[in-house]
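Peer 1: Sharing a sequence plus its predicted fold:
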Amino acid sequence: MPPITDTRPALLLSMGSGIAERLLTDAHRDRLAALTRTDPHLVAYDLDSPGPAVAAALAEAEILLTCWGATPLTAEVLDRAPRLKAVVHAAGSIKHHITEACWERGITVTSAAAANALPVAEYTVAAILFAGKRVLRSAQQYAALRTDQPWVEESAGWGNYRRTVGIVGASRIGRRVLDLLRPFDLEVLLHDPYVTTPPPGVELVGLDELCARSSIVSVHAPQLPATYRMIGAAQLASMPDGATLVNTSRGSLVDEDALLPHLTSGRLHAVLDVTDPELPAADSPLYTLPNVLLTPHVAGSLGNELHRMADQALEEIARYGRGEPFLEEVRADDLTRSA
Ligand SMILES: NC(=O)C1=CN([C@@H]2O[C@H](COP(=O)(O)OP(=O)(O)OC[C@H]3O[C@@H](n4cnc5c(N)ncnc54)[C@H](O)[C@@H]3O)[C@@H](O)[C@H]2O)C=CC1
Ligand SMILES: O=C(O)C(=O)COP(=O)(O)O
């Protein structure tokens, strides 16, 4: 390998087609160009069988900036990246891209999950507050009847004052939601098997108790074997009449077969940013039920929200260049309890 005189780290971008264009503004590219010594426009879509330009960049790269659609960093790929010291994943979950081989070779890994958490938490808090106020129902009634305040007659039990909200998972997103809910007059419950001391003002309870007591249940645990359909038939049946389930995590955490009868009967309401499978069948009642708000997995990745992840990723690259530790280092053992 030729001697390197420029001490700025060499960088390669690895991500799916079209992602770099959404993730990085021109200002981000300019900053990357200043922080590193390689072309921030060189995006490697396939590190498994790279062409000559990408193979040469991979051989030189000290940092990989990755995002959705990046090639998994297997031992075979890493064999072609002998100078690699750090992977900066400008997204949430590293599970699909980073393998144990990275840590075995002493490569440091960081992700932008913290930056990704804020927009999801914002979506969740909006959903919780709107659910309590029955905004969807009010809007539908107004549109249908076109008369002043048609819903007032039936509004007993609506509103957010002292409503009980149950948060499942003190994950990065779950903790953000807990922070953002603090100023409101809500009773907040939390279930998380890894938490022993809840944040101030939050009551730590078991999952069954949380579901039975909460008029809004919001799910923020990662997708793991242990969380598969954790919101199952028993938990859904125990939720109070008129309660709302908010799911921004992964569809697989909720037993949707068990949920559907509660929605079609109108007993429960739901705000679902994720479903299992994503993109429900065209004839799914989830699209049309008046008590369901269904969005296409956009809570954390809409438009310019991605730039928050790019900002965090570039800050980590700057820290690397200054010889400082990453702000959000991801360790190998995080994989067993993390998204
Ligand atoms: N809708 C969207 O746009 C987005 C959704 N997500 C999803 O949101 C969820 C949370 O993501 P992050 O906050 O990054 O997760 P995270 O990786 O920070 O979550 C890890 C934490 O979850 C908690 N946890 C683990 N097992 C649990 C269990 N059985 N019950 C309750 N809590 C448990 C533990 O506190 C653990 O430390 C994930 O499912 C993720 O895929 C993430 C980003 C965007
Ligand atoms: O950004 C999203 O939409 C997510 O749900 C998070 O995905 P990721 O954890 O980055 O694979």
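Peer 2: Looks like it came in fine. Numbers count the residues shown, from 1 in each chain. Ligands and ions are numbered 1, 2, ... in the order given.
Peer 1: going forward, measure contacts and count neighbours with C-alpha atoms only.
Peer 2: Will do.
Peer 1: what's the following helix or strand after the lowest-mean-pLDDT helix or strand in the chain?
Peer 2: When the helices and strands of the chain are scored by mean pLDDT, DSSP states H and E, helix 135-145 comes last with a mean of 86. As assigned by DSSP states H and E, the chain's next helix or strand after helix 135-145 is strand 164-168.
Peer 1: Does the lengthiest helix in the chain reach ligand 1?
Peer 2: Taking DSSP state H as the criterion, the chain has its longest helix at helix 113-132. Yes: part of helix 113-132 sits near ligand 1 under the criterion Cα under 6 Å from any ligand atom, namely A113, N116, V120.
Peer 1: follow-up on the earlier one: buried residues in the least confident helix or strand of the chain?
Peer 2: For helix 135-145, the neighbour count (16 or more other Cα atoms under 10 Å) marks S138, Q141 as buried.
Peer 1: how far out from the middle of the chain is it?
Peer 2: 30 Å (Cα atoms, centre = their mean, to the nearest Å).
Peer 1: Which strands or helices does it pack on?
Peer 2: Where contact means 3 or more Cα pairs under 8 Å, 6 or more residues apart in numbering; DSSP states H and E, helix 135-145 is not packed against any helix or strand.
Peer 1: Would you mind measuring from A313 to R146?
Peer 2: Counting by Cα to Cα, to the nearest Å, the separation of A313 from R146 is 49 Å.
Peer 1: again, but for L210
Peer 2: 38 Å.
Peer 1: Between these two, which has more neighbouring residues?
Peer 2: Legend: neighbour count by other Cα atoms under 10 Å for L210 and R146, higher for L210 (26 against 11).
Peer 1: ok, the more buried one touching G166?
Peer 2: Yes: between L210 and G166 there is a contact at 5.7 Å, judged by Cα atoms under 8 Å.
Peer 1: Please enumerate the shared neighbours of these two.
Peer 2: In terms of Cα atoms under 8 Å, 6 or more residues apart in numbering, L210 and G166 are both contacted by the residues L189, L190, H191, V217.
Peer 1: In contact with the third one, which residues?
Peer 2: Under the criterion of Cα under 8 Å, 6+ apart, the contact partners of H191 comprise G166, I167, V168, G169, A170, L204, V205, G206, L207, L210.
Peer 1: I'd like to know how many residues surround the residue nearest to the fifth one when sequence neighbours are not counted.
Peer 2: Which is A170. In this structure, A170 finds its nearest non-sequential neighbour in D192, 6.1 Å apart by Cα to Cα, 6 or more residues apart in numbering. Per other Cα under 10 Å, the neighbour tally for D192 reads 19.
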